[in-house]
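Asker: Need coordinates for the following:
(chains A, B, C and D)
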Number of protein chains: 2
Amino acid sequence: MNKHITLRDIAERMGVSSVTVSKALNDKEGVSDELKERIKQLADEMGYRINKVAKSMKEGLTYNIGVVIPERFTGQTQSFYLKVYQQISMALEPYGYDGILHILSAEDEKLLHLPRIYYDRKVDGFILLGQISKPYIEALEHMEQPKLFLDFYDEHSDIDSVTTDNFYCAYEITNYLVQQGHRKIGYVGNLYSTSSIQDRYLGYYKSLLEHRIPLNDRWIVNDRDEEGTLIDMELPEDMPTAFVCNCDRVAHLLVLKLKSQGYRVPEDCSVVGFDNDVFATLTEPHLTTVEVDTPQMAQTAVHSLLKKISSPEMRFGRVLVQGKIIYRNSVKKAGSTD
Amino acid sequence: MNKHITLRDIAERMGVSSVTVSKALNDKEGVSDELKERIKQLADEMGYRINKVAKSMKEGLTYNIGVVIPERFTGQTQSFYLKVYQQISMALEPYGYDGILHILSAEDEKLLHLPRIYYDRKVDGFILLGQISKPYIEALEHMEQPKLFLDFYDEHSDIDSVTTDNFYCAYEITNYLVQQGHRKIGYVGNLYSTSSIQDRYLGYYKSLLEHRIPLNDRWIVNDRDEEGTLIDMELPEDMPTAFVCNCDRVAHLLVLKLKSQGYRVPEDCSVVGFDNDVFATLTEPHLTTVEVDTPQMAQTAVHSLLKKISSPEMRFGRVLVQGKIIYRNSVKKAGSTD
DNA sequence: CTGAAAGCGCTTACAG
DNA sequence: CTGAAAGCGCTTACAG
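Answerer: Now for the predicted structure:
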């Protein structure tokens, strides 16, 4: 059994106290530079590694943060949030923090069971990644640790949030269609389904407003039912010349639908997506879409949360992260057909 | 500042010692059932939550395990390992354990930098998820904690591993093609690229051997270069009637290739994949493929590692997890063309 | 510049 | 059945 090397072991070998060793290794004041150097060197030689658990206990910090993702966002194709979790992990690294993933099961969400890592006091704060039910949000508010919503927000709660600027990005990509001469522009998405679909819709609408283009109900195409399950889309009788889709996946399906009905994309109908995920480049033609800056979102979330951990009274409100348009081949100037 | 409730707080309110409270809450012997009950109830009322860090320190266990994934496996489309990580997380849950993700950067892998969670003593063991370079494996062996390879193995090291039974699954799916009357069967994959491509190839070969079908070099189609970057595949002059592909993604590309050269799938050429990922159902026709049982792999890996943590001398060797064939529409009986 | 003391909140022997 | 003592390995005041 190889016992672990502790501060005390080093102290004994050096003939100093463990307090001095602790100070030296943490570059604190009160130890001569020369002694510090010698201590560090010996620590290295002896293969000393700090026992962070002991440090944690003393300081009352775990150096972990919890990332909670509702189960329904981690299905077959929905790996998006896992990717964000990975980026959170990486953003935590330089701070000596680690991220603990907690998948919130549908059952626990319904029964309002808080994550075990909360009961175990294993984390200093929480990032809630992905829309959670209202009642569960209220339950979460009982937890005393700092928390942050990522990729969604809730109007009834004053928990800080970091989201993509869905509104503005949709506004911009719709502007782009208008610049390409389009006047008859549809939107694809269930407006009552999620806040991001809704916000993207409003950005689309703002662009129409600004360009004095009337909103046309029949060009709003539903793509999913109340539960979020995708449904077969119905193309309008009187077709627009372009569609703004709420996500690439649905844009991909729309393109298939259009083709099956004899429309050419983009010659007869332009299509833009949102997310820049696998579906963007699986679609023929490749989709012009909005790339969400997930590394930036992860960064911002991590910074904000760590700030809140050290200064609990800190508030950030609703932070919006910009995306950027990726131009590909699914848009043609209106009127031109080649 | 709401101070945390500790064992002592409960003890004082009850007029007993904190030792008794600890025993009661942990259902240990030495406390009358009646007192136990009263203590538990009071703890509940007071909203007591254990300080797991303190428990950790006392026991010398962190109740965390580290999951190390090389960066190159977490690209755009490669979310497979993140999914497995999620399943590991969920499998750890009932044991009161949590998984800490560490993405191993290409640079750290090259410079042989061990994960920070190792230096911080933040985990009790490691799951290495995805092929890691030889030198890095050797570096890892210096870590005293129990470790386990997941989804790969290394012949030069005696670290326990859990992998899909690539060999057997490929053998089975090839058998299926033979049962459908195919005799001219090709294999798609770079045989020198990864051990799973190689093992799948050998399973394919075993099936041929068993059915006395000679191996035909020209039907082995390369799909990637040394670095693993997919390349444009070249169809053989003299075409087989079926292809076993080393993964769904490549099967998807092969189907596109076949179609572009005028072959109908499966009428002119059958194709089977491996993995049952997004590409399996994105392909037209949907692919007959092998589903890897990742929940089972995660389960097995977690069980084995936790056993090793409590009994460090425990050895499991190379554990193989069975997959299952998913039958879809990319295979036709040889000879039949409708 | 250096160190003795105290304490973070548990649990594990051990004594009664 | 119950509890006083000790200790896990650090760090933070405080005293010299």
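
Asker: and whichever residue of the stretch 101-250 of chain A sits closest to chain B, how many neighbours?
Answerer: Going by Cβ to the nearest Cβ, chain B is nearest to residue A:120 of the stretch 101-250 of chain A, at 4.3 Å. Any C-beta I mention is one placed from the backbone N, CA and C, and that applies to glycine too. The tally of other residues near residue A:120 (other Cβ atoms under 10 Å in any protein chain shown) stands at 20.

Asker: For it, grab phi and psi.
Answerer: Per-residue torsions, residue A:120: phi -90, psi 0 (degrees, to the nearest 10).

Asker: And it, how far from residue A:60?
Answerer: Remark: distance between residue A:120 and residue A:60 (Cβ to Cβ, to the nearest Å) = 15 Å.

Asker: ok, now residue A:294?
Answerer: 32 Å.

Asker: between these two, which one's more packed in?
Answerer: Each of residue A:294 and residue A:60 has its neighbours counted (other Cβ under 10 Å); residue A:294 has more, 21 against 11.

Asker: Touching, that one and residue A:85? I think so.
Answerer: No. Proximity of residue A:294 to residue A:85 does not meet the contact threshold set by Cβ atoms under 8 Å, at 10.2 Å.

Asker: Right, and DNA strand C sits closest to which residue of the stretch 1-150 of chain A?
Answerer: DNA strand C sits closest to residue A:30 of the stretch 1-150 of chain A, with a gap of 2.7 Å, by Cβ to the nearest atom of the strand.

Asker: quick one, domains of chain A?
Answerer: A:7-50, A:64-164+A:294-322, A:166-292 (automatic domain parsing).

Asker: The last one: end-to-end distance?
Answerer: Same thing as domain A:166-292. Distance between the two ends of domain A:166-292: 9 Å, counting by Cα to Cα, to the nearest Å.

Asker: and that domain, anywhere near chain B?
Answerer: Yes. On the criterion Cβ under 8 Å from any Cβ of the partner chain, domain A:166-292 is in touch with chain B at A:278, A:282.

Asker: Ok, which of the domains of chain A comes nearest DNA strand D?
Answerer: The nearest among the domains of chain A, by Cβ to the nearest atom of the strand, is domain A:7-50 at 3.2 Å.

Asker: quick one: average pLDDT of that closest one?
Answerer: Average pLDDT, domain A:7-50: 89.

Asker: Stretch A:132-149 too?
Answerer: Averaged over stretch A:132-149, pLDDT sits at 94.

Asker: What is the linear distance spanned by it between its boundary residues?
Answerer: Using Cα to Cα, the end-to-end distance of stretch A:132-149 comes out at 9 Å.

Asker: residues making contact with that stretch?
Answerer: Residues outside stretch A:132-149 that contact it (Cβ atoms under 8 Å, 6 or more residues apart in numbering or on different chains) are A:68, A:70, A:104, A:109-110, A:112, A:114, A:118, A:123-128, A:152, A:154, A:156-157, A:159-163, A:301, A:304-305, A:308-309, A:312, A:316, B:2.

Asker: Pull out the buried members of those residues.
Answerer: By neighbour count, with 16 or more other Cβ atoms under 10 Å in any protein chain shown, the contacts of stretch A:132-149 hold A:68, A:70, A:104, A:109, A:114, A:118, A:123-128, A:152, A:154, A:159-163, A:301, A:304-305, A:308-309, A:316 as buried.

Asker: Just those residues: which are in helices?
Answerer: Among the buried ones among the contacts of stretch A:132-149, DSSP state H puts A:109, A:118, A:301, A:304, A:305, A:308, A:309 in helices.

Asker: The nearest residue to residue A:234 once chain neighbours are set aside: neighbouring residues, count only.
Answerer: What sits nearest to residue A:234 in space, not counting adjacent residues and going by Cβ to Cβ, 6 or more residues apart in numbering or on different chains, is residue A:221, at 6.8 Å. By other Cβ under 10 Å, 20 other residues sit near residue A:221.

Asker: now the one 3 residues further on
Answerer: Other residues lying near residue A:224 total 19 when counted by other Cβ under 10 Å.

Asker: So which bits of chain A are right by DNA strand C?
Answerer: By Cβ under 7 Å from any atom of the strand, the residues of chain A that approach DNA strand C are A:15-17, A:19-20, A:23, A:29-33, A:35, A:54, A:57-58, A:60.

Asker: So which of the domains of chain A is nearest residue B:329?
Answerer: Smallest distance to residue B:329 across the domains of chain A (Cβ to Cβ): 17.3 Å, for domain A:166-292.

Asker: Looks like residue A:118 contacts residue A:68 (just checking).
Answerer: No. Residue A:118 lies out of contact with residue A:68 (Cβ under 8 Å); the separation is 9.4 Å.
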